[in-house]
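A.B. asks: I would like the atomic coordinates for the input below:
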Amino acid sequence: MRKYLVSLLILGLGPGLLYGSGLNVLILRRAPEVHFSFWQPYTVFSEGKARASLTVQDRLTAKTVAGGVALFVSKSANEHPQKLGVFSAAVEIKPAAAQPATAENRPLPQFVTFHQPTYGGDITYSGPLTLFAKNGVNVVESVALEEYVTQVVNCELGGEKTLAALKAQSVLVRTFALYITQLRLLALEKGNQNWAYFQLFATPVDQAYNCRKRANDREPPNALVRQAVKETADEVLLKNNKLARVQYNTCAAQPLPKGVICQETMMEMARQGKSYQEILSFFRPESCF
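C.D. replies: Residues are numbered from 1 along each chain as shown. Predicted structure coming up:
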C-alpha cells in the first residue's frame, strides 16, 4: 500500500469532465422531478453560459420534458413557479462564491438539499451538481475524493469503534473508487457515452454513498471516521504497480465470492490489536505495501 498520485490518475484519463481531483457520483437516477433548496447563492450554467442566479430564498424544480430538463424557480412552496427554460444540454449548479472554512478546516455545508424519499427524506450534498435528462432527471455530484471516502466509510462502518478497522475500510473504499473510475473513464475514451457525466453510482451497485445516515444530517461522519480517512489520505492498494481490484462485503452475505473481503473479520482483527496494514495484508498479501 502506498500513497498514489490521485489527481494525475483521474485527470490523465478523462476528457476534462471532472472537477479538479473530484469524483462524479450519480446521486439520483431517473426521477420524474426534483425539488432543490439552497444554503447560499448559486448560479445555473448550461453550455458554459450562466443562465440564472439563485438565492437562499429560491426553490428550484427540475422536470424532464420533450427536449431535455425544464427548470422552474419560486420563492416558496406556495408560490407559482416561473419557468427558467428547457435545457437540452447538461445543467450545472455551482456556488456563486467559495465558502469560508470551519474551525476544523472543513468547508461549511455549502450546497443543496433536495427531497429524496427513498433515502429517508431531505439529503444535503456539497456539490457542484450536474443535471441531465435520460428517462427522467439524473443528478450527479462532483465530490472531492477524501470526502467521498469519508461518506462511504460512514455508510459502511460508521458505528465501528476501532480505528484500525476504519482505516482498513478507508483504504478499500478509496482503492475501489479509483479503480472503477479509471475503468469507466477509459471506456469513455473508447466511445462509451454512458460515463460522460458520471463514473460512480452512489448505491451499493458500486459503494454506498447515499445512505440513511446522510438523511437530514442526522448521523454525520463522527470524529473517528474522519480521523481514519485523514490518516490514510491517498493510500491505496496496488498490484503490479497498478490499482488493485478490491471487493468487500458483510460476512452475512454468504457465501462470499472468492476474493471478497469480510468486514466483520476486519473488525474482529482490529479488536485483537492488529494494525490496518496487518488487516489488509491478511486479505491481500499480494498487494503492494
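
A.B. asks: looking at it, Ala228 is touching Leu172, isn't it?
C.D. replies: No. Using C-beta atoms under 8 Å, Ala228 makes no contact with Leu172, being 11.5 Å away. Where you see a C-beta, it was placed from the backbone N, CA and C, and this is true even at glycine.

A.B. asks: And the two? Which one has more around it.
C.D. replies: Just comparing Ala228 and Leu172: by other C-beta atoms under 10 Å the higher neighbour count belongs to Leu172, 29 against 26.

A.B. asks: In contact with that one: list those residues for me.
C.D. replies: Residues near Leu172 by C-beta atoms under 8 Å, 6 or more residues apart in numbering: 237, 246, 248, 261, 280.

A.B. asks: quick one, phi psi at it?
C.D. replies: Dihedral angles of Leu172 (phi, psi; degrees, to the nearest 10) stand at phi -70, psi -40.

A.B. asks: Distance of it relative to Gln263?
C.D. replies: Taking C-beta to C-beta, to the nearest Å as the measure, Leu172 falls 9 Å from Gln263.

A.B. asks: Could you name every residue contacting both of the two?
C.D. replies: By C-beta under 8 Å, 6+ apart, Leu172 and Gln263 have these common neighbours: Tyr248.

A.B. asks: just to revisit the earlier point, reformat the contacts of Leu172 into CSV and put neighbour count and secondary structure next to each item.
C.D. replies: Listed next are these as CSV, based on neighbours: other C-beta atoms under 10 Å; DSSP: H, G, I helix; E, B strand; the rest coil:
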residue, neighbour count, secondary structure
Leu237, 25, coil
Val246, 22, coil
Tyr248, 19, strand
Ile261, 20, strand
Leu280, 28, helix
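
A.B. asks: Out of these, the closest to Thr181 would be?
C.D. replies: Set against Thr181, the nearest of these by C-beta to C-beta is Val246 (13.6 Å).

A.B. asks: If I look at the closest one, what pLDDT would I see?
C.D. replies: You'll see Val246 listed with a pLDDT of 94.

A.B. asks: same thing with Leu13?
C.D. replies: pLDDT, Leu13: 37.

A.B. asks: All set, thanks.
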